Every structure is written in structure tokens, then in C-alpha cells.
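# Make a model of this:
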Amino acid sequence: MNALLYALVALTWGSSFLFAKIGLDGLAPQQVATVRTVLGAVTLVVVLLATRRRWPREPRTWAHLAVVAVFLNAVPSSLMAWAEQTVPSGLASIYNATTPIMTLAALAVLVPSERLRGRQVLGIVLGIVGVLVLVGPWDVLTDPEVLASVPGQVALLGMTASYGIGLAYLRRVAVASAYDPVTLATVQLTLASGMLLLVAPVIATGPVRLDGRIVAAMVALGCVGTGLAYAWNTRLVQAWGAGRASTVTYLTPVVGVALGVLVLGERVRWNEPVGGLVVLLGIALASGVLLRRPTPRPPRRTERLLHPDHHARSGRP
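Numbering: from 1, shown residues only. Modelled structure (predicted):
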């Protein structure tokens, strides 16, 4: 079941960059961020009420989830929408692959037991090199389009850093919580919606132009990519931990780049997939995938009984 949720999150989050790009055809960036979050919250509230789950009553739970709402929803959704004004959706999805690196760094700070080892530091450094390749500094001064996208690319790094902090903090909250993933995600998105609606009159201004294509994209982005996907992701964090759950971003670039090329006709520079591969290599090194040794097979019961030291080691007669 968790593997299926993992695949669904990869597909929905990989396509979110396409839907956000389409939404920007008729909405301002902050309007996209607000609408997707509100639609996601409404979707999960309906699920919460239909399944007769109860809202948490402990102020401590709401306070913790307010922190998660800031770093996992309000801030990154705003940065993503703003960045995609100048950054192609495919490139934005590649940047999203830096989330596990950011999560490992955040875990080292927020969870004392999660100290970075030498290989993890090396993996993070390699990830930074991959980001530099992604930016393509050799093109910044010669290609006006690349130069114009640099602030957006920096914003995308801010997005993944925010995701890393949010996932690490969610790990602490979700594991200690008695509530299921749908309830936690509903509270999280409801709080994020309130935050974004509070500042909407000031920063979510601008003309609105809607058509069937834009409305469909925003419904998909909000109801599925933000609402249901965050509930699925919360379950993965509870079951697998923040570090492993964040590896879903290994797959989002494949979906995002393919949709950007096929649907929007975006151009992919050679350094973008190369930089993405370097980032993934850094993640693999930091997470121990490259150096992981097979777990020794425990001896069978008959082998233990035949071992001469078995009784002494077990303490049993």
C-alpha cells in the first residue's frame, strides 16, 4: 500500500509544476499558491467529515502543525508559483529533487540523533555541485533568458529548503501524534489556507482570467496535488521517516520534464538533466544507497541449536 502511495505522490507532485505553469496564464503567483492550498484544504475537510474523523483538541498539536503549515505549504507554494514565472516547469521539477538533501540537513539540526556522517556531508557537497551545474553559470552572462531565470532558481532552492525543514519537523510531530495522516494533513492545510487568505488582500492581487484549461489545472493542483497528496505523504512520513519519504522527489523530475516538453513544448538544456543526475548521485551517497551493505542473514533456528556457543550466548539452558 505504501509503495502505491509513493508512486501516486510522485505522479501528482511531478505534474504539479505543469498545472502551476498553466494556472499562471490567468492568475498571479500568489493567487495560484492561495487557490491550490484552499482547494486542498477543502478537499481534506470533506474527507475528514465524510469519514467522521475528529479534529484535534490539543492546542499543542495545532501549534506544531502551524509550524509545518508554514514550511511545508504556505512558503514553498508561494515560492514555487513566483519562480515559475521565469523558470520552465521541467527545470522547476528538477530542482525539487534537491529536497532530500535539504531534509537530511534539516534533520541534523532539528533531530539531535540524526547527526551527519562523512559520506552524508560529501553527498550534500555533491548535491550543491549538481545545483551549480543546473544553473549553468557559463550561460548566465551570455543568455538573457537564463539570467532572467536565476532569481526564480534561487527561489526554488528556498522552496526545497522549506520542504526539508517542514518534513523534518513533521517527522517529529507525526511519530508522536495519535492522529492519522488524513487528520494531520487536514489541520496542516487548513492552517496554511488561513495564513495565505490573511495576506491575500495585500499580496494576492491582480487581474484574474479563467478558462476551462486553467480551472481544470487548478482543481487538479489543489484537490489532488495539494490535498490528497499531502495526506498520502504524511502517511509515508509516519511509516518510512522523513528522509526516505522525501526520496519521492527522485521521480518527480522525470514526470515534470516529460510533461513540460510534451505539453508545453519547453526546451531542455543539456546541463539540466546532467545537473539533476549529479544531484541524485549526491542524494544516493548521502542516504547511503551507494554504500549500503546487504543485511547479514540471521542463522536459521537449526543452525543456532547446532552452534556450540548458542546456549552460552543466549543465556538459556
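# tell me the contacts of residue 258?
residue 90 (C-beta atoms under 8 Å, 6 or more residues apart in numbering). Every C-beta, even on glycine, is put in place using the N, C-alpha and C of the backbone.
# What of residue 44?
182, 185, 186, 189, 190, 227, 228, 230, 231.
# one more time with 7 Å, if that's ok
Applying C-beta atoms under 7 Å, 6 or more residues apart in numbering to residue 44 gives the contacts 182, 185, 186, 189, 227, 231.
# In TSV, list those along with distance to residue 96, neighbour count and secondary structure.
Listed next are the contacts of residue 44 as TSV, based on distance: C-beta to C-beta, whole Å; neighbours: other C-beta atoms under 10 Å; DSSP: H, G, I helix; E, B strand; the rest coil:
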residue	distance to residue 96	neighbour count	secondary structure
182	24	19	helix
185	19	32	helix
186	24	30	helix
189	19	31	helix
227	19	27	helix
231	19	24	helix
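# Which of those sits closest to residue 21?
Nearest to residue 21, judged by C-beta to C-beta, of those is residue 227 at 19.5 Å.
# Just confirm that closest one contacts residue 37, I think it does.
No: contact criterion C-beta atoms under 7 Å: residue 227 and residue 37 do not qualify, at 9.1 Å.
# shared neighbours of the two, anything?
The contact sets of residue 227 and residue 37 overlap at residue 189 (C-beta under 7 Å, 6+ apart).
# Flag the shaky bits of the stretch 101-250 of the chain, pLDDT-wise.
Along the stretch 101-250 of the chain, the parts satisfying pLDDT under 70 run over 112-116, 140-141, 174-176.
# quick one: the strands in it?
Taking DSSP state E, counting those that start in this stretch, the stretch 101-250 of the chain contains no strands at all.
# all helices in it, in order from the N-terminus.
118-135, 137-140, 144-176, 181-203, 212-219, 229-240, 242-245 (DSSP state H, counting those that start in this stretch).
# May I see those helices organised as a markdown table, with distance to residue 3 added?
Shown next, in a markdown table, are those (distance: least, C-beta to C-beta, whole Å):
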| stretch | distance to residue 3 |
| --- | --- |
| helix 118-135 | 24 |
| helix 137-140 | 39 |
| helix 144-176 | 19 |
| helix 181-203 | 16 |
| helix 212-219 | 27 |
| helix 229-240 | 10 |
| helix 242-245 | 12 |
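# Indicate which one of those helices is closest to residue 33.
With C-beta to C-beta as the criterion, residue 33 lies closest to helix 181-203 of the helices of the stretch 101-250 of the chain, at 6.4 Å.
# How far does the closest one sit from its chain's centre?
17 Å (C-alpha atoms, centre = their mean, to the nearest Å).
# again, but for stretch 92-109
Centroid separation between stretch 92-109 and its chain, computed with C-alpha atoms, centre = their mean, is 8 Å.
# From residue 83, how far out is the nearest residue to residue 281 once chain neighbours are set aside?
Nearest in space to residue 281, with sequence neighbours left out and distances taken as C-beta to C-beta, 6 or more residues apart in numbering, is residue 126 at 6.1 Å. Distance of residue 126 to residue 83, computed by C-beta to C-beta, to the nearest Å: 23 Å.
# Fine, thanks again, bye for now.
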